[in-house]
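**Student:** Below is the sequence, then the predicted model.
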Amino acid sequence: MWPRIGGLRTLDLGTPGEMRTNLNTLVLAGVKQATAGLLSEYEQEGEEPEHVGERLALVDDHDGLVAVVEVTGVEVVPFTGVSWDFARSEGEGDRSIEEWRAGHAAFWARAGTPVEDDSPIVCVRFRLVSAGDGGITTGDLGT
């Protein structure tokens, strides 16, 4: 199970360190409005994919609250079915869907979970609801 803060599931982007800091900064700037995950990771953790309207606690490397985001769309598609529109909404600077696929395939391979063309990908779109001040681990974040 994923950690919870104030009853919300946490969202930890990328890997700890510079990557997570950069991705969180993109969310706070309104540039990053989506993220992709492997359905197999959800299954391993005993979690269901996010649902529209769900709020998530975006966290830093120390599980401190960075922001609250609200899910605006969820779609599970094969790796090669991820659209360029979705890839652009991740806001990570990819210049083509091929670049997005290469970067994400390399990321998941480094993490020990190589992807195939038909690997199910959970595509989650979100909007920034509020920014936290770091280190907050309690309270009602659902409002």
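**Tutor:** Good, I have the coordinates.
**Student:** Can you pull the poorly scored residue ranges out of the chain?
**Tutor:** 132-143 (pLDDT under 70).
**Student:** where's the closest residue to Asp63 other than its chain neighbours relative to Pro120, distance?
**Tutor:** Closest residue to Asp63 apart from its sequence neighbours, by C-beta to C-beta, 6 or more residues apart in numbering: Pro3 at 6.2 Å. Any C-beta I mention is one placed from the backbone N, CA and C, and that applies to glycine too. Distance of Pro3 to Pro120, computed by C-beta to C-beta, to the nearest Å: 23 Å.
**Student:** what are the ranges of the strands in the chain?
**Tutor:** Assigned by DSSP state E, the chain shows strands spanning 4-5, 8-11, 34-38, 55-59, 65-78, 120-131.
**Student:** Highest mean neighbour count out of those?
**Tutor:** Burial of the strands of the chain is given as mean neighbour count (mean count of other C-beta atoms under 10 Å); strand 55-59 ranks first at a mean of 24.
**Student:** so what secondary structure elements neighbour that one?
**Tutor:** When contacts are defined as 3 or more C-beta pairs under 8 Å, 6 or more residues apart in numbering; DSSP states H and E, strand 55-59 sits against strand 4-5, strand 8-11, strand 65-78.
**Student:** so which of the ones you listed comes closest to Ala102?
**Tutor:** Ranking those by proximity to Ala102 (C-beta to C-beta) places strand 65-78 first, at 16.2 Å.
**Student:** so what strands line up beside that closest one?
**Tutor:** When pairs are called by DSSP bridges, strand 65-78 turns out to pair with strand 55-59 (antiparallel), strand 120-131 (antiparallel).
**Student:** tell me how far that strand is from the chain's mean position?
**Tutor:** Here strand 65-78 shows a centroid-to-chain-centroid distance of 6 Å under the convention C-alpha atoms, centre = their mean, to the nearest Å.
**Student:** Need the distance between the two termini of stretch 33-46.
**Tutor:** This stretch, stretch 33-46, spans 25 Å end to end (C-alpha to C-alpha, to the nearest Å).
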